[in-house]
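> Using only what follows, build the 3D model:
(one chain, ligands or ions: 1)
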Amino acid sequence: VAMAHLVAGLARCWCPSPLQVINFPVVQLHMSLMAMRASQKDFENAMNQVKLLKKDPGNEVKLKLYALYKQATEGPCNTPKPGVFDLISKAKWDTWSALGSLPKETARQNYVDLVSSLSSSSKSSGQVEPGADRKPPGYETLVVTSEDGITKIMLNRPTKKNAMNRQMYHEIMLALEAASKDDSRITVITGNGDYYSSGNDLTNFTDMASGKVEELAKNSAILLRNFVGCFIDFPKPLVAVVNGPAVGISVTTLGLFDAVYSTDRATFHTPFSHLGQSPEGCSSYTFPRIMSPSKATEMLIFGKKLTAREACAQGLVTEVFPDSTFQKEVWTRLKAYAKLPPNAMRISKEVIRNKEKEKLHAINAEECSVLQERWLSDECMNAVMNFLSRKAKL
Ligand SMILES: CCCCCCCCCC/C=C/CC(=O)SCCNC(=O)CCNC(=O)[C@H](O)C(C)(C)COP(=O)(O)OP(=O)(O)OC[C@H]1O[C@@H](n2cnc3c(N)ncnc32)[C@H](O)[C@@H]1OP(=O)(O)O
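Predicted coordinates:
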């Protein structure tokens with residue numbers, strides 16, 4: 001966030017051309033970090049302070065601390081990448097790798113600064129709260145509940161319109177993996193607040209200013225490919241309860257759901273060209289099949305926004321409900337469906353979807369590799385800078 005403000009602030013104050021914005025803050029940031037290096041003693045003190053924090057700083061911060069510690073002590077990540085299903089080790093590896101060739105001294109300083117900001121906000125005391133270290137792990141960006149045979153995964157960043165930051169991508173993968181194995185019969189994804197989701201969190205791009213951009217784009221493409229892969233492989237009926245507007249990746253992945261129920265207040269749009277980007281979530285394949293090639297073009301290339309009723313007429317949405325009765329009607333129906341025999345539902349899904357799986361994985365890989373290039377383009381950088389400096393709403 002600090003980086004986003006720095007970049008946005010500099011964009012407004014200094015640079016007439018957004019292209020110049022990319023390089024300037026990197027140089028500035030590097031110079032300011034060089035000017036204030038933490039000593040080894042400061043670093044050791046910070047490590048001790050972490051153990052005394054009263055409040056759990058959350059998984060995202062812990063990953064960042066882990067990555068900075070490793071970078072400060074061992075340098076750039078060159079260990080082998082953990083396997084796809086070792087999600088926690090992979091999250092740690094991804095965060096460390098994303099630091100690229102950040103110098104050890106800078107990592108040490110960043111670690112000290114981060115701990116210091118945590119200590120002041122959580123008012124650490126000399127005593128560790130009894131039992132604080134035994135707090136059960138939970139999700140930070142989701143609320144996951146399971147009842148009446150339904151596991152509900154609710155995107156929970158309502159003040160950011162449920163934009164998907166890296167933490168949320170990882171948590172959705174974890175929640176889907178857990179739901180695939182629990183004893184629920186149907187899995188639902190929905191949003192908290194007035195939006196279903198505003199898509200990829202554009203502040204994900206602010207990391208671009210702090211490391212090797214090619215490497216970051218490569219890691220992001222891997223993250224996206226794994227994320228979409230979890231939807232392709234999900235074994236039980238997967239239902240979207242679209243409680244409000246949906247943007248970007250939250251729209252494209254709908255093509256991989258088994259049913260999509262929407263409030264009449266929702267809209268659907270994928271402003272990829274506006275962002276200098278290209279389709280993902282297998283939409284380059286699913287959308288032309290669901291809604292015809294030319295209707296898919298209007299959405300995926302021209303960024304046309306559909307109302308819920310238009311999306312339903314085109315087959316992307318299964319059924320639309322009046323907003324006033326949406327939650328009641330949808331949950332009543334889902335509870336009834338969740339009473340159906342689970343094996344029959346799972347096997348029917350296999351019969352319907354398995355023919356396509358290999359194809360979908362290949363499409364996913366291709367879309368991610370194209371996007372990896374797009375993220376490095378001037379068109380994409382400029383669009384993200386515009387959003388971060390509040391010049392454009394998409
Ligand atoms: C190489 C790095 C890449 C890393 C990526 C990893 C994997 C990537 C996968 C890629 C795929 C995705 C493609 C997409 O999803 S494209 C779509 C991206 N989304 C958008 O372009 C939407 C941007 N947001 C908006 O246009 C508007 O916010 C809105 C959704 C129309 C809502 O407008 P509003 O006026 O009603 O509300 P607003 O004040 O703008 O929003 C409230 C706060 O929420 C913040 N916010 C909303 N959406 C996003 C977002 N997508 N990213 C970041 N932040 C978002 C907004 O900034 C406000 O915050 P604050 O209150 O000002 O702090």
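
> and the residue nearest to Ala46 when sequence neighbours are not counted, how many neighbours?
Computed as Cβ to Cβ, 6 or more residues apart in numbering, the closest residue to Ala46 that is not its neighbour in sequence is Val115, at 4.0 Å. Every C-beta, even on glycine, is put in place using the N, C-alpha and C of the backbone. Neighbour count of Val115, defined by other Cβ atoms under 10 Å: 24.

> Now do the same contact list for Val115.
By Cβ atoms under 8 Å, 6 or more residues apart in numbering, the residues touching Val115 are Ala46, Met47, Gln49, Val50, Leu65.

> filter the residues you listed to the buried ones?
Among those, the ones that count as buried by 16 or more other Cβ atoms under 10 Å are Ala46, Met47, Val50, Leu65.

> Glu140 versus the last one, what's the distance?
Leu65 sits at a distance of 15 Å from Glu140 (criterion: Cβ to Cβ, to the nearest Å).

> swap in the third one?
Applying Cβ to Cβ, the value for Val50 to Glu140 is 18 Å.

> can you redo the contacts of Val115 as a markdown table with pLDDT, distance to Asp148 and secondary structure?
Converted to a markdown table, the contacts of Val115 look like this (pLDDT from 0 to 100; distance: Cβ to Cβ, whole Å; DSSP: H, G, I helix; E, B strand; the rest coil):
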| residue | pLDDT | distance to Asp148 | secondary structure |
| --- | --- | --- | --- |
| Ala46 | 83 | 47 | helix |
| Met47 | 86 | 46 | helix |
| Gln49 | 81 | 45 | helix |
| Val50 | 81 | 41 | helix |
| Leu65 | 90 | 39 | helix |
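
> Tabulate those in JSON lines, adding columns for distance to the ligand.
Formatted as JSON lines, the contacts of Val115 follow (distance: Cβ to the nearest ligand atom, whole Å):
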{"residue": "Ala46", "distance to the ligand": "28"}
{"residue": "Met47", "distance to the ligand": "30"}
{"residue": "Gln49", "distance to the ligand": "28"}
{"residue": "Val50", "distance to the ligand": "27"}
{"residue": "Leu65", "distance to the ligand": "21"}
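
> one step back: figure out how far the helix or strand the residue nearest to Ala46 falls within is from the centre of its chain.
Assigning secondary structure by DSSP states H and E places Val115 in helix 104-122. Centre-to-centre, helix 104-122 and its host chain are 24 Å apart (Cα atoms, centre = their mean, to the nearest Å).

> Within range of the ligand, give me the residues from this structure.
Within the chain, the positions near the ligand by Cβ under 6 Å from any ligand atom are 160-161, 163, 198-205, 208, 216-217, 220, 223-224, 247-249, 271, 275, 277, 280, 375, 387, 393-394.

> Keep only those of these that are in strands.
Using DSSP state E, the subset of the residues of the chain next to the ligand located in strands is Val247.

> Can you list which of the residues of the chain next to the ligand are found in helices?
Among these, the ones falling in helices (DSSP state H) are Leu216, Ala217, Ser220, Leu223, Leu224, Ile249, Phe387.
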